[in-house]
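# sequence and predicted structure below; questions after.
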Amino acid sequence: MNQWLQVKMAQRHNGKLFNSAGLFKGSSFAKICTVKKLTLFILTCLLFTAGYSQQDATAGTIDKIRQIPAFSVVKVPDSIVFTNDQLQKNKPVVLMFFNPDCDHCQKEVKELLAHKNELKELQIVMLSALPYQLIKAFYNEYKIASMPNITMGQDENFVLGSIYQPARYPSLYIYEAAGTLAKVFAGNAGVAALLDAVK
C-alpha cells in the first residue's frame, strides 16, 4: 500500500493507522484481543497464587494434625462433653467429619455398621458442626448406639473443623495406636482401607 493511500485511510478512520497485522490500531477487534489477553493473564496469576496458597494451607494443616489436637465436643445422644483426653491410649482413632444429609456419609456409616466386628478395635469419633438435633436424628436413624466404639458429637462453631479443614464429606483422619496421623481420606474410604491404614 503506498504512502498516499495510507494517509487517506488514516484520515478516513480518525487517525487510526494499520498495525502490522493489517488491522487498525484502536479498532474494536484489537481492543477485544487486548482485553482477552489481559483477562487470561490475570486468571493465570490468580490460579498460580491460589495453588501456592492451597499448598501452604495444606502443609500447615498437616503440621497441626500430626497428633490429635485438644478438642471438646458435645456428645450425642446425652449432650455430655467429650474431649480428646477420653480417648483410649494405644488404640487407633478415626476422626470422621460428616454431614447428616450427605449421601456419601450415609453410605460410609452403613458400611461401618455392616463390619462392626472387624472395626471393634478402632475408636471412631464422628463429628458434625450442624445443629445438635439433626446429628441426634442421624444417630437414632442409623442406630449408632449398636456400635459402642463410635462416639458421635457436635463440633460447635466448627472449632475442630477449622483446624482440620476437611475438603469434602465424609473426611476421615486415621491415627495409628501410637497417636500419629497415618492416613487421610477425603471422601468415602471403605472398611478395607481403614484397616489397612492402621496395620
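Received, thanks.
# and residue 64, what does it touch?
With contacts defined as Cβ atoms under 8 Å, 6 or more residues apart in numbering, residue 64 is in contact with residue 163. Every C-beta, even on glycine, is put in place using the N, C-alpha and C of the backbone.
# look up how far residue 160 lies from it.
Residue 64 sits 11 Å away from residue 160, going by Cβ to Cβ, to the nearest Å.
# swap in residue 173?
Taking Cβ to Cβ as the measure, residue 173 and residue 160 are separated by 10 Å.
# any common contacting residues for those two?
When contacts are counted by Cβ under 8 Å, 6+ apart, the set common to residue 173 and residue 160 consists of residue 95.
# next, work out how far apart residue 73 and residue 84 are.
Separation of residue 73 from residue 84 (Cβ to Cβ): 9 Å.
# more neighbours, those two?
Looking at residue 73 and residue 84 with other Cβ atoms under 10 Å, you find the greater number of neighbours at residue 73, namely 23 against 16.
# which SSE is the more buried one in?
Using DSSP states H and E, the element containing residue 73 is strand 72-76.
# tell me the helix or strand right after that strand.
Towards the C-terminus, the helix or strand next in line after strand 72-76, according to DSSP H and E, is strand 81-83.
# what lines up beside that next one in the sheet?
strand 72-76 (antiparallel) (DSSP bridges).
# give me the contact list for the partner strand.
Counting by Cβ under 8 Å, 6+ apart, strand 72-76 makes contact with 80-83, 125, 127, 132, 135-136, 139, 144, 151-156, 159-160, all of which sit outside it.
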